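Engineer: Structure of the sequence below:
(chains A and B)
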There are 2 protein chains.
Amino acid sequence: MSITSFYPPVRILMGPGPSDVNPRILEAMSRPTIGHLDPIFITMMDEMKGLLQYAFQTKNELTFSVSAPGSAGMETCFVNLLEPGDKVIICQNGVFGGRMKENAERCGAVPILVQDPWGAAVDPHKLEEALKSHPDAKVVAFVHAETSTGACSDVKTLVEIAHRNDCLTIVDTVTSLGGSPLKVDEWGIDAVYSGSQKCLSCTPGLSPVSFNERAAERIRTRQTKVQSWFLDLNLVMGYWGGGGKRAYHHTAPINALYGLHEALVLLQEEGLEKAWERHQRNHQALGAGIEAMGLRFVVKEEERLPQLNAIAIPEGIDDATVRTRLLQEYGLEIGAGLGEMAGKIWRVGLMGYGSNPRNVLVFLGALEAVLHDLGADIEPGVAVRAARAVW
Amino acid sequence: MSITSFYPPVRILMGPGPSDVNPRILEAMSRPTIGHLDPIFITMMDEMKGLLQYAFQTKNELTFSVSAPGSAGMETCFVNLLEPGDKVIICQNGVFGGRMKENAERCGAVPILVQDPWGAAVDPHKLEEALKSHPDAKVVAFVHAETSTGACSDVKTLVEIAHRNDCLTIVDTVTSLGGSPLKVDEWGIDAVYSGSQKCLSCTPGLSPVSFNERAAERIRTRQTKVQSWFLDLNLVMGYWGGGGKRAYHHTAPINALYGLHEALVLLQEEGLEKAWERHQRNHQALGAGIEAMGLRFVVKEEERLPQLNAIAIPEGIDDATVRTRLLQEYGLEIGAGLGEMAGKIWRVGLMGYGSNPRNVLVFLGALEAVLHDLGADIEPGVAVRAARAVW
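Structural biologist: Here you go, the predicted model:
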């Protein structure tokens, strides 16, 4: 055996995440490791809470980063808020609603699925109906920004319906945080989780979460122990809880947290609203280019996410051929379809640091070239011209 | 709000972990992020498996790194191998045996605790007795290297006893991997977990694990679903399983894995046996210095871990005062006692990259100075002289 150091190539990451990482974040992650109970590290954790509260637009005390990827953030919400036998309404309009169902079942809870077509937003009327049929439901869960389809749902309306029916809400904001408007307090979200590697432009591996007082109270007054020791917020709160003493629970991923801290400082420097506007503007430019090439979006305009563009693969074009050529010839990664969308769509991310004119132009130029080579009838330069007209 | 970039101080990490990180690892973590399904990342994952197999001394196919800290590695073993009602014998001789009990209970399993004094190795006779009383036990779990006390248990003997009684074994090697002899295949360990931030000298956040075929078969043939979706090896195997297609499960912590890869390359460059010898040699030097100052170890010599030195706090000396002065005046972090050892011991790590003469000398010199200031009667220079005589 003689394995040597690994030197990754430099890619342009325009898939569903990880997205391009700001070099300042990579540099921050390589700073000296200190102890997870070091007084100076504790001040960093306090800052992190403030930065996450800003990103989530919340004053929730229980706001921190789960020491594992977004999937573990989802699980944190489900295992802490659900007890065996609890009924939970899950609105599914893509892959991640299905994962919520898996989580609920493994908690011994009873998931009720409300299905919407993949590529569409969650329909509030269907949720209303489901709550009429299941007045004993305790929790409503749904995805804000479906990473598998690029559809954005109306969180405010869905949360209002849930609250009118005495349900707590769990909202997946993995792909929305930092990329599109998200207002945890104003919209009344009870529990929310996200990921570090989407519109925060950090490396993958961390999951920011936030719980309001109503959710925290539910957790404190559970009848049964949380089934996961690692994710039990009654224990984690002792470390991230803030104020006085930080009790050892698990060893925090120090350097990954340096990276997330820097990512959140960058977001604060730009300002949330400005970041949302930038995502929207670059999405418009990409969209103009896509449509100028005769391609179409999967999601209708008013429900489209700016950071995750699902594009229908044109008739007669092979999915994998195009993605492989983009990767090999241009160092450009885009995403494949998941589940029932596999082979039918491409997922093009314009997330965080990666939402910029350079990436839009590189993608449009490279896609046009590859499709042209494969025999598509596209006027050279049409996509880039259309995009430039937007900025 | 105006939070700026976080610049940590440079510490010398001689606590129970995280330990000093090799700069090559920090640099590796700052390399460009690529996608978790990128073909080049997949080759890195294959290399990682080979490197971990070497570190664990195993040929187990199911050898990979859980995308979360050691606590999640522990939970991975318990939730996958235990089903509700299963009886598990847990040998406890420190904090982490207690955490195993918590994990077993949360799986709906029935933990039977076999207690040994904190600071002593697990007693094989007591395990033998427990298995006689509980012939229906399915799993035996214990800690190889107790991080809370510095005691090393005889894995080979304990595994033999478990196997004679038809039990699978779960062994915690968080602090032993890379620091003291560990031979997963030769000793017949069925399931093992570790951490990145101890004797591998990597940053915290990852948990290397390995399962033999018997354990994998138990997982594949479970009657019930694994209660954690994130840690369900039936799903994770699809991504880390090797060979052909890598199915998306969760987004791997790319840059953290670059770091672990580099840490394992470093271990391979040195050679496992040489690393074990180095840990032993520097521990002897530290021990000579400690005893020359009139201090004593908590663990008797033949059960002492070289990488985690538990030292009894001398009569009349305040724990926190000493640790705070070491940190503030010398940038030196050592660990406090946990649980029933709180206030009674210091835990001094000599782990991985941090197991070197420089750290031994700095620690002995600094501790001598602080104790002297606090009125202890120690001949100046005695500790350093004693340590130097060992090398």
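
Engineer: which stretches of chain A aren't confidently modelled?
Structural biologist: A:1, A:241-245 (pLDDT under 70).

Engineer: max-length helix in it?
Structural biologist: Counting residues, the longest helix found in chain A (DSSP state H) is helix A:272-292.

Engineer: List the buried residues of that one.
Structural biologist: Residues of helix A:272-292 classed as buried by neighbour count (16 or more other Cβ atoms under 10 Å in any protein chain shown): A:272, A:275-276, A:278-283, A:285-290, A:292. Quick note: C-beta positions are derived from backbone N, CA and C, even for glycine.

Engineer: quick one: which of the residues you listed is nearest to chain B?
Structural biologist: Chain B lies nearest to residue A:272 out of these, by Cβ to the nearest Cβ, at 11.7 Å.

Engineer: so what's the residue nearest to residue A:279 when sequence neighbours are not counted up against?
Structural biologist: If the residues on either side of it in the chain are set aside, residue A:279 comes closest to residue A:306, at 4.2 Å by Cβ to Cβ, 6 or more residues apart in numbering or on different chains. Contacts for residue A:306 (Cβ atoms under 8 Å, 6 or more residues apart in numbering or on different chains) come out as A:179-180, A:279-280, A:282-284, A:350, A:355.

Engineer: same deal with residue A:123?
Structural biologist: By Cβ under 8 Å, 6+ apart, the contact list for residue A:123 reads A:114, A:116.

Engineer: Next one: it relative to residue A:230, how far apart?
Structural biologist: Residue A:123 sits at a distance of 36 Å from residue A:230 (criterion: Cβ to Cβ, to the nearest Å).

Engineer: In a helix, residue A:385, correct?
Structural biologist: Yes: Residue A:385: assigned to a helix according to DSSP: H, G, I helix; E, B strand; the rest coil.

Engineer: is it true that it touches residue A:292?
Structural biologist: Yes: judged on Cβ atoms under 8 Å, residue A:385 makes contact with residue A:292 at a distance of 7.2 Å.

Engineer: what's around residue A:29, how many residues?
Structural biologist: The number of residues packed near residue A:29 is 27, by other Cβ atoms under 10 Å in any protein chain shown.

Engineer: sorry, that was for residue A:363
Structural biologist: Residue A:363: 25 surrounding residues under other Cβ under 10 Å.

Engineer: looking at it, it is touching residue A:334, isn't it?
Structural biologist: Yes: applying Cβ under 8 Å, one finds residue A:363 in contact with residue A:334, separated by 7.4 Å.

Engineer: Which residue comes closest to residue A:143 once chain neighbours are left out?
Structural biologist: That would be residue A:172: by Cβ to Cβ, 6+ apart, it lies 4.1 Å from residue A:143.

Engineer: burial count for that neighbour?
Structural biologist: Residues near residue A:172, counting by other Cβ under 10 Å: 26.

Engineer: State the phi and psi torsions of it.
Structural biologist: With angles defined as degrees, to the nearest 10, residue A:172 sits at phi -80, psi 110.

Engineer: What separation is there between residue A:123 and residue A:378?
Structural biologist: 36 Å.

Engineer: what does residue A:206 give?
Structural biologist: Distance, residue A:206 to residue A:378, using Cβ to Cβ: 40 Å.

Engineer: Which parts of the stretch 201-350 of chain A are helices?
Structural biologist: Secondary structure of the stretch 201-350 of chain A (DSSP state H, counting those that start in this stretch): helices at A:213-220, A:233-240, A:254-270, A:272-292, A:319-330.

Engineer: Could you grab the helix/strand/coil label for residue A:6?
Structural biologist: Residue A:6 ends up coil, using three-state DSSP.

Engineer: quick one: the helices in the stretch 1-150 of chain A?
Structural biologist: A:23-29, A:39-56, A:70-81, A:95-106, A:124-133.

Engineer: May I see the helices of the stretch 201-350 of chain A arranged in CSV, with distance to residue B:54 as well?
Structural biologist: CSV is the format used below for those (distance: least, Cβ to Cβ, whole Å):
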stretch, distance to residue B:54
helix A:213-220, 42
helix A:233-240, 34
helix A:254-270, 24
helix A:272-292, 44
helix A:319-330, 31
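
Engineer: can you tell which of those is closest to residue A:3?
Structural biologist: Nearest to residue A:3 among the helices of the stretch 201-350 of chain A is helix A:254-270 (22.5 Å), distances taken as Cβ to Cβ.

Engineer: which one of the helices of the stretch 1-150 of chain A has the most crowded surroundings?
Structural biologist: Across the helices of the stretch 1-150 of chain A, the average number of neighbours (mean count of other Cβ atoms under 10 Å in any protein chain shown) peaks for helix A:70-81, which reaches a mean of 28.

Engineer: is that helix up against chain B anywhere?
Structural biologist: Yes: remark: helix A:70-81 sits within contact range of chain B at A:70-72, A:75, by Cβ under 8 Å from any Cβ of the partner chain.

Engineer: May I have that helix exported as PDB, CA atoms only?
Structural biologist: The C-alpha trace of helix A:70-81 is given here as PDB (Å, rounded to 0.1, in the frame of the first residue of the first chain):
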ATOM      1  CA  GLY A  70     -28.300  18.500   7.100                       C
ATOM      2  CA  SER A  71     -29.700  14.900   7.300                       C
ATOM      3  CA  ALA A  72     -28.800  14.900  10.900                       C
ATOM      4  CA  GLY A  73     -30.400  18.300  11.300                       C
ATOM      5  CA  MET A  74     -33.600  16.900  10.000                       C
ATOM      6  CA  GLU A  75     -33.300  13.900  12.400                       C
ATOM      7  CA  THR A  76     -32.700  16.300  15.300                       C
ATOM      8  CA  CYS A  77     -36.000  18.000  14.700                       C
ATOM      9  CA  PHE A  78     -38.000  14.800  14.300                       C
ATOM     10  CA  VAL A  79     -36.500  12.800  17.200                       C
ATOM     11  CA  ASN A  80     -36.800  15.700  19.600                       C
ATOM     12  CA  LEU A  81     -40.300  16.900  18.700                       C
END
